[in-house]
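Trainee: my questions are about this predicted structure, shown below with the sequence.
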Amino acid sequence: MYNTKFCKVEYLNESNAILLQWKQFCKSDDYRDPFRYALKIIKEYNISTWVTDTINGFENEEADTKWLLEEYMPQLIDSPVKKVVFVIKDDSLLMDEIMGQVEVLREFFEVELVEDFLLS
């Protein structure tokens, strides 16, 4: 498991999922390192579901958004991940940003928005 004051990354064996739980605003390597760690775990355990908890999420810095789209997403698309889940409240200030991501992600993954993510 990866855990900093910014993000917690956890492998959920029972769900064959990786969970990223954002805790507070961060940028640069503080933002990118959880994604890098998650990709390593995805490949190691052949994980099929990506879950991002945005309850304490934040708007990304432009450079991090560019990195995410140009460098990280091609690697995720080429991974075993088939489904992406966003944990987000209906009244979240991030809803517009997340819905923009959903439109792009739906080209490559099954995408779901939920208010709570519970282990099955």
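Mentor: Perfect, thanks for sending it.
Trainee: contacts and neighbour counts: CA atoms only from here.
Mentor: Noted.
Trainee: so how far is the lowest-mean-pLDDT helix or strand in the chain off the chain centroid?
Mentor: Sorting the helices and strands of the chain by mean pLDDT, DSSP states H and E puts helix 95-105 at the bottom, at a mean of 88. Put simply, helix 95-105 sits 12 Å off its chain's centre (Cα atoms, centre = their mean, to the nearest Å).
Trainee: same deal with stretch 44-62?
Mentor: 1 Å.
Trainee: what comes up buried for that stretch?
Mentor: Under the neighbour-count criterion of 16 or more other Cα atoms under 10 Å, stretch 44-62 has 47-55, 57, 60 buried.
Trainee: contacts only, for I18.
Mentor: Shown in contact with I18 (Cα atoms under 8 Å, 6 or more residues apart in numbering): 9-12, 38, 41-42, 47, 49-51.
Trainee: burial count for G100?
Mentor: The tally of other residues near G100 (other Cα atoms under 10 Å) stands at 10.
Trainee: need the contact list for it.
Mentor: Per Cα under 8 Å, 6+ apart, neighbours of G100: none.
Trainee: other SSEs contacting the top helix by length along the chain?
Mentor: In the chain, assigned by DSSP state H, the helix with the most residues is helix 29-45. Under the contact criterion of 3 or more Cα pairs under 8 Å, 6 or more residues apart in numbering; DSSP states H and E, helix 29-45 touches strand 7-12, strand 17-22.
Trainee: switch these over to TSV; also include mean pLDDT and distance to Q101.
Mentor: Output for the helices and strands packed on helix 29-45, formatted as TSV (pLDDT from 0 to 100; distance: least, Cα to Cα, whole Å):
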stretch	mean pLDDT	distance to Q101
strand 7-12	96	19
strand 17-22	96	16
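Trainee: right, I'll call it a day here.
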